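A.B. asks: Structure of the sequence below:
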Amino acid sequence: MKLRPEEAVVLDNGVEKSVKVEELRKGNVILVRPGERIAADGIIVNGFSAIDQASITGESIPVDKVKGDEVFSGTINGQGALEIEVTKPADETMLARIIHLVQEAQEEKPPTQLFVERFESTYAKVVVVTALLPMVFPPFLIGWTWSQTIYRAMIFLVVASPCALVSSIMPAILSAISNAARKGVLFKGGVHLENIGPVKAVAFDKTGTLTSGKPRVMDIIPLNSYSENDFLKVAASIETLSQHPIAKAIVKTATDRNIALERPAELQAIHGLGVNGSLNGIEYKIGKKEILAGVNIPTEQQTKIKSLEAEGKTVIFVQANHELVGMLTIMDTIRPQAKKAIDDLKAMGIKVAMLTGDSQSTADAIGKQAGVDEVYAELSPEQKVDVVKKLTAKYGKVAMVGDGVNDAPALATASVGIAMGNAGTDVAMETADIILMADNIENIPFAISLGRRTSRVIKQNVAFAIAVALTLVTLNFIGGVINLPEGVVGHEGSTVLVILSGLRLLR
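C.D. replies: Sure, this is the predicted structure:
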């Protein structure tokens, strides 16, 4: 719900008016300033900007948007002001749908609980009918008095009631869900807690899941007479006024090296391509390959560029006075906790796979760093579904971890879908069964372990409840060694004990 802005600025004949998001109607034009979160799904009618669409596509690098492009509620505007025509009211956006879905999921009951509720209904009727038998026949068959018969039947009704059996499950489920929530793992219902325990394989999406989703400078390649630090100083100085994430990554690399930056003159954004500015009287352009129009790139450098792009790196070009003077590469990097999470899963006997739409070479490099067992690359969303089905047939229950729209079909296909809560898209979170609220994939082994422990506690509780009930019924009819108060204490005591046993899962 934090992803959803509470207010929006509506433009009415050029006049700005602040309104509640719920009051927005289709056709309204809203103003979104730089750095603000977009308040509604819509189409850009004026302006351009780079938009952080981690909440829609899971892309690590913001997407340049121009007039006519679609934008979504909950995404973050970059450095440009936008005027957006609303295409959906607040209650029909993707964010609204996920909020509604989670509210519905709160009432979802796990299979074990549904079984016990059905069993309870039948069991209770059987107990009542059965109580009539010891109330009627013992005086004729074994010579009991009517007072003794009715008293024993009353004790039977008390000790045979299914209270402890019914209380064996939901306190344990709710305790485990609360425990997980404290660690930032949101289960949408008890059914998913039961499903995650038997998981035999976990499939990870790469971008934004195993990787951080934040670009970093990987290679600095100066040309001509530039040294590496001189070239980096020029590039970072030109980018120092830009708010684009790639620019921030370049500037951060320079500041990390304690390089003193200069302020550029005549800085201009070249829409969708990069920036243009002057430094010490020299005109520079920095950006995508298209920014090099008319610049001759030597064959040796063209080969180098292809090699870098084949590794999954984004190449940023720098030209000075219509000549290529160097290149930088930007790449998403593996999450710090990814290796440990995968090692923990493998130690639990769980197979780990990685699924990605990236090239095989990039996937193999990331997969090797992370230590996954199997790597599947160059996959479309439909092919990710096929891989999940293949893993299910091979290993049994499979959990899929993802963050983007392209992961949603695989999340729905898997036995358990797990979405990233911060960087994850609303579509992924809507589809998934479990959400990692802090994007900490180290919590996945914890969630599986918690699911397994919950199943063990429920089985212990059910066995204990049945054992106590059978013992009390036996003591009542064979020997008549318990009285009504003792039957009540035994019955209610077992109910309290199974509830306390379930509360162990809060630890």
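A.B. asks: Low-confidence stretches in the stretch 401-507 of the chain?
C.D. replies: Scanning the stretch 401-507 of the chain with the threshold set as pLDDT under 70 gives 423-426, 479.
A.B. asks: Mind doing that once more with 80?
C.D. replies: Along the stretch 401-507 of the chain, segments meeting pLDDT under 80 span 404-406, 421-430, 438, 477-481.
A.B. asks: Do a quick rundown of the strands in it.
C.D. replies: In the stretch 401-507 of the chain, the strands defined using DSSP state E, counting those that start in this stretch lie at 416-420, 434-436.
A.B. asks: show me what contacts V325?
C.D. replies: The contact partners of V325, by C-beta atoms under 8 Å, 6 or more residues apart in numbering, come to P222, L223, N224, Y226, F231, V234, V318, Q319. From N, CA and C alone the C-beta is placed, and that goes for glycine too.
A.B. asks: If we use 7 Å, what do you get?
C.D. replies: By C-beta atoms under 7 Å, 6 or more residues apart in numbering, V325 lies in contact with L223, N224, Y226, F231, V318, Q319.
A.B. asks: among the residues you listed, which ones are buried?
C.D. replies: Y226, F231, V318, Q319 (16 or more other C-beta atoms under 10 Å).
A.B. asks: Do I have it right that A353 meets V372?
C.D. replies: Yes. Applying C-beta atoms under 7 Å, one finds A353 in contact with V372, separated by 6.2 Å.
A.B. asks: So for these two, which sits in the more crowded spot?
C.D. replies: Shown here are A353 and V372; by other C-beta atoms under 10 Å, V372 has more neighbours (26 against 22).
A.B. asks: Got phi/psi on that one?
C.D. replies: phi -70, psi 160 (degrees, to the nearest 10).
A.B. asks: does it really touch V352, like I thought?
C.D. replies: Yes. With contact defined as C-beta under 7 Å, V372 and V352 form a contacting pair (4.7 Å).
A.B. asks: Common neighbours of these two, please.
C.D. replies: Jointly contacting V372 and V352 under the rule C-beta under 7 Å, 6+ apart are I342.
A.B. asks: Can you spell out which helices and strands pack onto the lengthiest helix in the chain?
C.D. replies: Longest helix in the chain, counting residues (DSSP state H): helix 443-477. Contact partners of helix 443-477 among helices and strands, from 3 or more C-beta pairs under 7 Å, 6 or more residues apart in numbering; DSSP states H and E: helix 146-159, helix 163-166, helix 170-182, helix 190-196, helix 338-347, helix 484-503.
A.B. asks: Run a quick neighbour tally on the nearest residue to S49 once chain neighbours are set aside.
C.D. replies: Nearest in space to S49, with sequence neighbours left out and distances taken as C-beta to C-beta, 6 or more residues apart in numbering, is G80 at 3.2 Å. Applying other C-beta under 10 Å, we find 20 residues neighbouring G80.
A.B. asks: which SS class is G80?
C.D. replies: coil (DSSP: H, G, I helix; E, B strand; the rest coil).
A.B. asks: now V275
C.D. replies: Under three-state DSSP, V275 falls in the strand class.
A.B. asks: Would you mind finding the most buried of the strands of the stretch 401-507 of the chain?
C.D. replies: strand 416-420 (a mean of 29; mean count of other C-beta atoms under 10 Å).
A.B. asks: now it against helix 443-477, angle please.
C.D. replies: Here the directions of strand 416-420 and helix 443-477 differ by 130 degrees (axes from the mean of the first three to the mean of the last three C-alpha atoms, to 10 degrees).
A.B. asks: What is strand 416-420 packed up against?
C.D. replies: Contacts defined by 3+ C-beta pairs under 7 Å, 6+ apart place strand 416-420 against helix 190-196, strand 398-402, helix 426-431, strand 434-436.
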